[in-house]
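J.: Fold the following, please.
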Amino acid sequence: MKALITNDDGIDSPGLAALARAAVDHGWQTAVAAPARESSGTSAGLTAAEDDRRVEVDRRELPGLPGVPAYSVAAHPAFIVLVAAQGAFGDVPDIVLSGVNRGANVGRAVLHSGTVGAALTGAINGARAMAVSLDVGLEPGVEHWTTATAVAASLFDRLAALPPGTTLNLNVPNQPHAGAPRRASLAEFGAVRSRVKQGDDGSITLTSVFVEGDQPPGSDAALLAAGHPTLTPLRPVTEDPEG
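T.: A predicted model of the protein is given here:
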């Protein structure tokens with residue numbers, strides 16, 4: 001299996017390197033291509049090209065990944081996955097792994113996630129894809145990247161056996177150890193929700209706040225809050241035959 005590792009936190013994120021090391025350790029032929037800077041909240045957006053239609057790509061070497069080709073790309077993660085599917089970073093990937101994201105991606109808000117958007121783009125272009133996120137909360141201290149990658153790696157063989165076009169969304173609690181992931185439905189929103197603050201000058205600031213109250217039983221938000229990794233299959237954009 002040929003695997004592409006990307007994210008929306010940027011090329012220097014420790015979660016990206018941790019996920020790439022897990023793919024290498026699993027025996028997959030691995031390449032890394034990630035945004036030059038943070039691209040959170042970009043969904044499956046393709047904004048990248050400047051006026052001359054060129055996108056800057058720089059070769060990088062990531063810690064603990066000697067010999068693994070890595071690229072810093074001045075583009076959103078979905079754009080990176082799209083061009084990877086056309087051979088921009090070597091062999092076309094069979095597997096796209098997006099993450100490990102710093103922060104959970106649960107509920108309907110996955111629509112806006114650059115991490116999930118990259119995975120969905122990979123699936124639309126014929127890969128098997130998984131988004132991986134670590135629930136660090138609003139005030140992260142120690143970030144347990146190895147917990148996230150251990151849970152993700154336990155799913156690698158399962159992911160590889162699924163048909164092309166599959167997308168899985170994995171969220172892992174930020175704790176030293178975690179059990180097997182539980183199948184979860186999408187909540188309406190997660191324990192952390194975006195709020196808009198409008199300034200006196202007309203500017204808008206997007207902030208994050210904790211949401212009080214119980215989440216629906218069996219939802220990704222509820223299970224994650226209870227300390228369980230969650231796994232939710234997602235479907236890329238398809239026609240609604242009843243519409």
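
J.: tell me the contacts of the residue nearest the centre of the chain?
T.: To find the centre residue of the chain, average its C-alpha atoms and take the closest one (C-alpha atoms, centre = their mean): that gives residue 115, at 2.9 Å. Applying C-beta atoms under 8 Å, 6 or more residues apart in numbering, we find residue 115 in contact with 7, 8, 40, 77, 98, 99, 101, 105, 131, 132, 133. No exception for glycine: its C-beta is placed from N, CA and C like everyone else's.

J.: Distance-wise, check the fifth one relative to residue 64.
T.: When distance is defined by C-beta to C-beta, to the nearest Å, residue 98 is 19 Å away from residue 64.

J.: So between the two, which is more surrounded?
T.: Set residue 98 next to residue 64 and count neighbours by other C-beta atoms under 10 Å: residue 98 wins out with 35 against 10.

J.: Which strand or helix spans that one?
T.: Taking DSSP states H and E as the criterion, the element that holds residue 98 is strand 95-102.

J.: elements contacting that strand?
T.: Using 3 or more C-beta pairs under 8 Å, 6 or more residues apart in numbering; DSSP states H and E as the contact test, the elements touching strand 95-102 are strand 2-6, helix 14-25, helix 77-84, helix 114-124, strand 128-135, helix 145-153.

J.: Sheet-wise, list the partners of whichever helix or strand comes after the longest one with their directions.
T.: In the C-terminal direction, the helix or strand that comes right after helix 14-25 (DSSP H and E) is strand 29-35. When pairs are called by DSSP bridges, strand 29-35 turns out to pair with strand 2-6 (parallel), strand 70-73 (parallel).

J.: Include distance to residue 22 and mean neighbour count when you put those into a markdown table, please.
T.: As requested, those are arranged in a markdown table below (distance: least, C-beta to C-beta, whole Å; neighbours: other C-beta atoms under 10 Å):
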| stretch | distance to residue 22 | mean neighbour count |
| --- | --- | --- |
| strand 2-6 | 9 | 28 |
| strand 70-73 | 15 | 22 |
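
J.: how about the ones you listed, which one is nearest residue 122?
T.: Closest approach to residue 122 among the strands paired with strand 29-35 is made by strand 2-6 (7.3 Å; C-beta to C-beta).

J.: dump the residue contacts of residue 127.
T.: When the contact criterion is C-beta under 8 Å, 6+ apart, the partners of residue 127 are 4, 81, 85, 93, 94, 95, 96, 164.

J.: are any of these buried, and which?
T.: The neighbour-count test (16 or more other C-beta atoms under 10 Å) marks 4, 81, 85, 93, 94, 95, 96 as buried among the contacts of residue 127.
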